[in-house]
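1. based on what follows, work out the 3D shape:
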Amino acid sequence: MVTTRALLTARENITDTVAARAMMCIHGGAGFGKTLAVNTCLRALEPGEDVRKITFRARPTARAVRYELFTALDLAGEPPRHPSEFDRLLKTALAERPRTFLVDEAQWLNGEAFEYFRYLWDEPSTQLAIVFVGGEGCHTVLRREPMLSSRVFIWQQFTRLTPDEVLEVIPLFHPVWADADPEDIAFADQHAAHGNFRAWAQLTAHTRTALARTGRARVDQELLRWAFSRLA
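-> You can find the predicted model right below:
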């Protein structure tokens, strides 16, 4: 775990969003560190903050969102069968105390699902903060929903690490890079990792294997080329 500018910004943005009981959207490409950053920042607010995580893997209906919330809130009994009764139950539960929802993989949400979160958040009795985290599709859908997007308190986009950030951050990421030549780190980023933290994690694993098998003490470009051959 290393501290990047994006992580520091996320920490500040999430803290302000939770304090305001507001909604925010963190979006960006796959592997840029969004979910890790958000989980880390929200974990730092516990146990004082009741954080519930919801992850969607397909395009959910409002009915599916209700059931996910029922599970996330650990509500007792069977889920109500009728939408109006279900809504009353959820509103009552959300009015009990302040809560924060982390809605991960939010690019899978459609307008109906986003609108249901807005419906719950708009209820005067609920004390709800919501952090939507997802790919660029999340940002696109949210922007198409003016009733919801106008209520988003903070927008934050995660982008690739710049070449300067790579040279600053990657030596702190893992010991194999700590004493590596900066030219070799730049070479690895240019040919394989491309400023993507997930790609750097994969490359680091293969580089460790190469070092162990060759008995070399330090990374070099020959060794890196072997690691590159294992990446798509």
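2. how close does the most centrally placed residue in the chain sit to V152?
-> Ranked by distance to the mean C-alpha position of the chain (C-alpha atoms, centre = their mean), the top residue is T35 at 2.1 Å. Look at T35 and V152: by C-beta to C-beta, to the nearest Å, they are 18 Å apart. Just so you know, the C-beta spots here come from the backbone N, C-alpha and C atoms, and that holds for glycine as well.
3. and A212, by the same measure?
-> A212 is 47 Å from V152, by C-beta to C-beta.
4. who's more crowded, those two?
-> V152 (19 against 9; other C-beta atoms under 10 Å).
5. quick one: the more buried one from R21, how far?
-> Taking C-beta to C-beta, one finds V152 at 13 Å from R21.
6. ok, longest helix in this protein?
-> helix 197-214 (DSSP state H).
7. just the buried positions in that helix, please.
-> For helix 197-214, the neighbour count (16 or more other C-beta atoms under 10 Å) marks F197, A199, W200, Q202, L203, T204, H206, T207, A210, L211 as buried.
8. wait, which of these is closest to Q107?
-> Taking C-beta to C-beta as the measure, Q107 sits nearest to F197 out of these, at 18.2 Å.
9. residues contacting the closest one?
-> Counting by C-beta atoms under 8 Å, 6 or more residues apart in numbering, F197 makes contact with G31, F32, G33, L36, L161.
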